[in-house]
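Asker: how would this look folded up:
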Amino acid sequence: MAKKTKKLLHTLARRGPHKVLRGDLAFVGTPGLVLTPAAGMGLPAVAFGHHWLSGPEHYLSTLAHLASWGLVVVAPGTERGVAPSGPGLAADLHTALDVATGVRLGPGEISVDPQRLALVGHGFGAGAALLAAAQRPVGAVGALFPAQTVPATEPAAAQIHTPTLLLSESGTGGDPATPIARSLAQALPVSSSVVRSLPGASATDLFEGRRVAAALGVGGGDRRVRALVRGLLTGFLLGALGDGKTAKEYAQFLDPDEYLPETAPLPAQAPPQPHPAAALLRS
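Answerer: Below you'll find the predicted structure:
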């Protein structure tokens, strides 16, 4: 199966077959972006949460990538300040999914199946996605390079029993994974979680374009890491939310024991260390 997975991952790292439309969540009173395939009824939908001091526009190509593979993507642009609320962004992710399922999108040729929903986030947004998934179950959850948040997300992770993808950046001192990622990996149910580290990767590698945080000395993105994450996330979401044929084709991306190229299993659990920005975050 490893050879097939590598080939699929290579394909999924490229843009998919669907033309992509872009819209604005502001038409329902919530700032943010909507990206969809040009047409399709009963499509799966993903709500995406951004990292600290960022916004959905800094993931535009990644969101469009998911839409090109047949997924409706809604990304709220709230909680962008230096002291964001994890529960606040979690609530906004739920609101975004409600919009996706309750409003006919595009020129009336796009709709979402309310039984095929996912929550995905990056860094701070990963914590918000986990909090949201614990409050209201969805079909899949993705935590990309999770960061320490307030409140802590480990209790929420323990309550999630749907397929969950956890990708970790590299830790410090040569550690291939961060302490918070290992802590969450221990909290998540083993049977439904795919947990991997991306050696040499950094959380900032997912960012696109200029960011406010650049003024604070935070580094820029890495195209290779973005391509790998896009491929892994797309395969996972298609396996979890796809129809019968699609779900079967990408089922290996949901297998905790499947070999995933350019990734490594997380090392043994270690006590999490506070994130430098944790003191700035409010509950």
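
Asker: got a pLDDT number for Leu280?
Answerer: Listed pLDDT for Leu280 reads 44.

Asker: Same question for Ala213.
Answerer: 48.

Asker: try Phe27
Answerer: What the model reports as pLDDT for Phe27 is 77.

Asker: Give me the neighbour count for it.
Answerer: Phe27 sits with 10 neighbouring residues when counted by other C-beta atoms under 10 Å. For every residue, glycine as well, the C-beta is placed using N, CA and C.

Asker: where does it land in three-state SS?
Answerer: helix (DSSP: H, G, I helix; E, B strand; the rest coil).

Asker: How far off centre is stretch 239-247?
Answerer: With C-alpha atoms, centre = their mean, to the nearest Å as the basis, stretch 239-247 stands 18 Å off its chain's centre.

Asker: The chain should start at 629 in everything you say after this.
Answerer: In the new count, where the first residue is 629, that last one comes out as stretch 867-875.

Asker: Quickly list what Ala892 is bridged to.
Answerer: With DSSP bridges as the criterion, Ala892 is bridged to Ser825.

Asker: Number of residues surrounding it?
Answerer: Using other C-beta under 10 Å, the number of residues around Ala892 comes to 13.

Asker: pLDDT weak spots in the stretch 729-878 of the chain?
Answerer: 734, 802, 838-848 (pLDDT under 70).

Asker: residue boundaries of the helices in it?
Answerer: Taking DSSP state H, counting those that start in this stretch as the criterion, the stretch 729-878 of the chain carries its helices at 752-763, 782-786, 807-815, 851-869, 872-877.

Asker: quick one, which of these is packed in tightest?
Answerer: helix 752-763 (a mean of 28; mean count of other C-beta atoms under 10 Å).

Asker: Between the two ends of stretch 788-805, how far is it?
Answerer: 21 Å (C-alpha to C-alpha, to the nearest Å).

Asker: Just checking the distance from it to the centre of its chain.
Answerer: 12 Å.

Asker: which parts of it are buried?
Answerer: For stretch 788-805, burial by neighbour count (16 or more other C-beta atoms under 10 Å) applies to 788, 790-799, 803-805.

Asker: Next, count neighbours for Asn688.
Answerer: Let me fix one detail, which is that residue 688 is Leu and not Asn. Neighbours of Leu688 (other C-beta under 10 Å): 16.

Asker: Inside strands: which ones of the buried residues of stretch 788-805?
Answerer: Among the buried residues of stretch 788-805, DSSP state E puts Thr792, Leu793, Leu794, Leu795, Ser796 in strands.

Asker: okay, these in TSV with distance to Arg854 next?
Answerer: Shown next, in TSV, are those (distance: C-beta to C-beta, whole Å):
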residue	distance to Arg854
Thr792	21
Leu793	16
Leu794	18
Leu795	12
Ser796	16
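
Asker: Show me the strands in the stretch 629-778 of the chain, by range?
Answerer: 648-652, 660-665, 668-677, 700-704, 738-750, 768-772 (DSSP state E, counting those that start in this stretch).

Asker: could those be laid out in JSON lines, adding distance to Thr729?
Answerer: Listed next are the strands of the stretch 629-778 of the chain as JSON lines, based on distance: least, C-beta to C-beta, whole Å:
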{"stretch": "strand 648-652", "distance to Thr729": "15"}
{"stretch": "strand 660-665", "distance to Thr729": "12"}
{"stretch": "strand 668-677", "distance to Thr729": "7"}
{"stretch": "strand 700-704", "distance to Thr729": "9"}
{"stretch": "strand 738-750", "distance to Thr729": "4"}
{"stretch": "strand 768-772", "distance to Thr729": "15"}
